[in-house]
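In: Predicted model, plus sequence, below.
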Amino acid sequence: MTGVAFWVFGVAAVVAGWRVFRTDSMVRATFLLLASFLNVGAILLLLGGAYLGMALLFMMTVEMTVMVIFMVAFMMNPAGLNPMNMTHQPRLAAVAGWAAFAGGAAVAWRSNFPDRPLPAGKAVIAELGTELMGRSMLMFETAGVALVATMIGAVVLSSRRSRYGQDAGDDGSLPPVLDPATGAYPAGVLPEPEASGHGHHGGHS
């Protein structure tokens, strides 16, 4: 069953990673990248790397969620869901990707990895955590609090309700323009109407 699960997670990780470069949406690409990372994390758990696997699962989930929240809240492309070109330098990327795959496959196929079981009861997770973080634990904890505050702030800023009342955030605003060639106003405050009629000073405006 472990072997079957390894191949299932491996194929899912590769397919999700491939779909990252085939989708036409920033949000969908981010979720596909998250799916690829989650499958890699599951493979690490199968291989006995509990600490690295769980760290990858938690860190990638938080990171990709923050990215999606910012895309939905602030992108001019509504929610990052409209079609857009997601590939840059496709030939160079394809060559580099296949070269990296061939190199990794050659190492995995030809290398003779040592088999040195750890002594029973050895505190592997504690030692690995100390080696990776060392004296930087306070920095990691501060970064975690900052990420949580960022997610909460992004949700609050993207809410339709503001301190001026329900839907007040929509007053005087326009949705993003999907076709810039139309010459319509971009997203933002409506233009001021031309002055007409009576004003407050001298009877003219």
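Out: Ah, there it is.
In: Tell me, how many residues neighbour Ala13?
Out: Other residues within reach of Ala13, judged by other Cβ atoms under 10 Å, total 19. The C-beta positions use only the backbone N, C-alpha and C, and glycine is treated the same way.
In: now do Phe9
Out: The number of residues packed near Phe9 is 19, by other Cβ under 10 Å.
In: Provide a list of residues in contact with it.
Out: Phe9 makes contact with Asn39, Val40, Ala42, Ile43, Leu46, according to Cβ atoms under 8 Å, 6 or more residues apart in numbering.
In: if you set the cut-off to 6 Å instead, what comes out?
Out: Asn39, Ala42, Ile43 (Cβ atoms under 6 Å, 6 or more residues apart in numbering).
In: The top helix by length along the chain: which residues count as buried?
Out: The longest helix of the chain (DSSP state H) is helix 50-74. Neighbour-count burial for helix 50-74 flags 51-53, 55-57, 60, 64, 66-73 (criterion: 16 or more other Cβ atoms under 10 Å).
In: cool, and stretch 19-29?
Out: Buried residues in stretch 19-29 (16+ other Cβ under 10 Å): Arg19, Val20, Phe21, Thr23, Ser25, Met26, Val27, Arg28, Ala29.
In: Give the full set of residues in contact with the fourth one.
Out: Contacts for Thr23 were tallied using Cβ under 6 Å, 6+ apart; they are Ala29.
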